[in-house]
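# make a model of this:
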Amino acid sequence: MCEATCGVAVTVEGDRVVSVRGDEQDPFSKGYICPKGTALADLHHDPDRLTRPVVRDGESWREVGWDEAFDLVASKLNAVRAKHGKHAIGVYQGNPTAHNLGLLTYGQLLLRTLGTKNAYSATSLDQLPHMLAALLLFGNQLLMPVPDVDRTDLFICLGANPLASNGSLMTAPDMKSRLKSIRDRGGKVIVLDPRRTETAEKADQHLFIKPGSDAVLLLAMIGVLFDEGLVNLGRLQANGLEPLRAAAAKWPLERAARVTGIDAGEIRGLARALATTKRAVLYGRIGVCTQQFGGLAAWLCYTINALTGHLD
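Now for the predicted structure:
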């Protein structure tokens, strides 16, 4: 149901759920649970919950058996394909597809059998740029680096709201406590977002960035790293640094400030802080993706972490 993967302890009496709580023995979520988890019993016992197929009959609905339902769906799909071609069928998959074994296996088999090119999902809406960047940088679209939020002393959050998402593409339940822990150990949380989000409210610093200008900000920061000799790949091996340096040089701080709305001194400070803090990470998420230059911005997020010695 959710990427955060919180441990949930459910108490039942017969076939009734009598309590749902966070599992304090879970070493990952440590007893944390969000409103979705606590509402499981309400969902399970909802009197309006469908337990059998229903078919619209005029303005009403009638129950049918499973065989009849499957036959109806198959005949309708075949009729559409026969009349209009296989691409006349569109598919959209939400997050539960990735969190349900049946949908993950048989669902994908069915959808691929349909052969339609019109297939969309939560992934195509909000994370394909990250997957493209991972493919180009690391050779596989699922090798997306995950911030080690429990061990960082500087967390720069770009176009993300982990207090609401529980760390999308990070898998970190109870982000409120995790971000608080960064500050409790003397670290710092910086948020760059056009909107004052829940995470921005709790951050040490919130910088408003103009929507769609993330790539410019990152290129300007990379320019600072090269100009001030702050590039440190550590044990990583990389190629293509000179073309990157040349690309970043086209975005001096003053020009980037006009585009992003962030002061040149602030941009320089971000680059220096990321480079000089031993345990630091820049985390970019959905705001990085859903824009004209999302692919480039996602690629630059991973690249700037590499340039400052914070990748792997």
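# if we ignore the residues flanking it in sequence, what's nearest residue 94?
Distances taken as C-beta to C-beta, 6 or more residues apart in numbering put residue 122 closest to residue 94, at 5.5 Å, once the chain neighbours are dropped. Any C-beta I mention is one placed from the backbone N, CA and C, and that applies to glycine too.
# ok, the one you found touching residue 93?
Yes - applying C-beta atoms under 8 Å as the test, residue 122 and residue 93 come out as touching, 7.0 Å apart.
# more crowded one of these two?
Per other C-beta atoms under 10 Å, whichever of residue 122 and residue 93 has more neighbours is residue 93, with 17 against 14.
# for that one, grab phi and psi.
phi -120, psi 130 (degrees, to the nearest 10).
# who does it form a beta bridge with?
residue 121 (DSSP bridges).
# dump the residue contacts of it.
103, 107, 111, 119, 120, 121, 122 (C-beta atoms under 8 Å, 6 or more residues apart in numbering).
# report the distance from the helix or strand hosting residue 224 to the chain centre.
Using DSSP states H and E, residue 224 falls within helix 214-227. Centroid separation between helix 214-227 and its chain, computed with C-alpha atoms, centre = their mean, to the nearest Å, is 23 Å.
# report the mean per-residue pLDDT for the helix or strand just after it.
Remark: after helix 214-227, the chain's next helix or strand is helix 241-249, criterion DSSP H and E. For helix 241-249, the mean pLDDT works out to 97.
# then stretch 77-89?
What stretch 77-89 shows for mean pLDDT is 97.
# now the two most distant members of the contacts of residue 93.
Spanning the widest gap among the contacts of residue 93 are 103 and 120, at 15.5 Å by C-beta to C-beta.
# and those two? Which one has more around it.
Legend: neighbour count by other C-beta under 10 Å for residue 103 and residue 120, higher for residue 103 (16 against 11).
# tell me the contacts of residue 19?
Residues near residue 19 by C-beta under 8 Å, 6+ apart: 10, 11, 41.
# looking at those, state which has the most neighbours.
Highest neighbour count within the contacts of residue 19, by other C-beta under 10 Å: residue 41, with 16 neighbours.
# residue 214 and residue 52: what is the separation?
48 Å (C-beta to C-beta, to the nearest Å).
# same thing with residue 63?
To residue 52, residue 63 is 5 Å away according to C-beta to C-beta.
# more neighbours: which of these two?
Neighbour count, other C-beta under 10 Å: between residue 63 and residue 52, residue 63 has more, with 12 against 9.
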